[in-house]
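A.B. asks: need a structure here:
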Amino acid sequence: MARRQPVNALGIAGWLFAELALVLMIVALGSDDHVPAAAQPATPPASPAPATSATASPEGLSLTTRSFIMSVDGSGAGVVDEFRRRLLDEVGPDARVGLVLVFGKSRDPSVPTQGTLVSQQLKDLVVPAGLPQLRTMNDMRAYLGSDGAPGDAKVELFLLGGGR
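C.D. replies: Residues are numbered from 1 along each chain as shown. Next comes the predicted model:
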């Protein structure tokens, strides 16, 4: 019968730390952006880069929304003109809209879920209109809403900020 060697906890801990040190060294060497001295230029560039007083901030959506409620006629008559006017009043001619959420209220109170049809109708009319503020728009989404009168849609605009 073979006799088992007693387990030496100190020896196991030593090997564990040695392996951990080896792994950390490999990770550190692999993540180092070391440029050899031969690859570095011997002299600095002749003319320094011009200093700018303002740097461009990263572009992204502003979390503060602008919104308005408008009526969406079932026939679609005048809807784009009304949307254009409301958009101009709310954000101005030079605004850059990144995302538009539309929350429609059903025309038939007995079927409240048809509010998404109101939203979709507004989206289908406005997107092809080519409004200048919406040229930067990434998406326009139609949802069910509850604000306004039957057949109204609440439009929430997320403006782009930075990047200029």
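
A.B. asks: show me the contact partners of the strand of greatest length in the chain.
C.D. replies: Ranked by residue count and defined by DSSP state E, the top strand of the chain is strand 60-71. Strand 60-71 has contacts (C-beta atoms under 8 Å, 6 or more residues apart in numbering) with 79, 82-83, 86, 89-91, 98-99, 122, 147-149, 151-162. C-beta: built from backbone N, CA, C; applies to glycine.

A.B. asks: okay, now the unreliable bits of this protein?
C.D. replies: 1-2, 30-58, 162-164 (pLDDT under 70).

A.B. asks: one more time with 90
C.D. replies: Counting by pLDDT under 90, the chain has low-confidence residues at 1-65, 73-77, 92-96, 98, 109-113, 129-139, 146, 159-164.

A.B. asks: output the longest helix along the chain as CSV, restricted to C-alpha atoms.
C.D. replies: Longest helix in the chain by number of residues (criterion: DSSP state H): helix 9-31. Only the C-alpha atoms of helix 9-31 are listed here, as CSV (Å, rounded to 0.1, in the frame of the first residue of the first chain):
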residue,chain,number,x,y,z
ALA,A,9,-0.1,24.4,1.7
LEU,A,10,2.8,26.7,1.6
GLY,A,11,4.3,25.0,-1.5
ILE,A,12,1.0,25.1,-3.3
ALA,A,13,0.5,28.8,-2.5
GLY,A,14,4.0,29.5,-3.8
TRP,A,15,3.3,27.8,-7.1
LEU,A,16,0.0,29.7,-7.4
PHE,A,17,1.7,33.0,-6.9
ALA,A,18,4.5,32.1,-9.3
GLU,A,19,1.9,31.3,-12.0
LEU,A,20,0.0,34.4,-11.3
ALA,A,21,3.1,36.5,-11.6
LEU,A,22,3.9,34.9,-15.0
VAL,A,23,0.4,35.6,-16.3
LEU,A,24,0.5,39.2,-15.1
MET,A,25,3.9,39.6,-16.8
ILE,A,26,2.5,38.2,-20.1
VAL,A,27,-0.5,40.5,-19.9
ALA,A,28,1.7,43.6,-19.2
LEU,A,29,4.1,42.8,-22.0
GLY,A,30,1.2,42.2,-24.4
SER,A,31,-0.6,45.4,-23.6
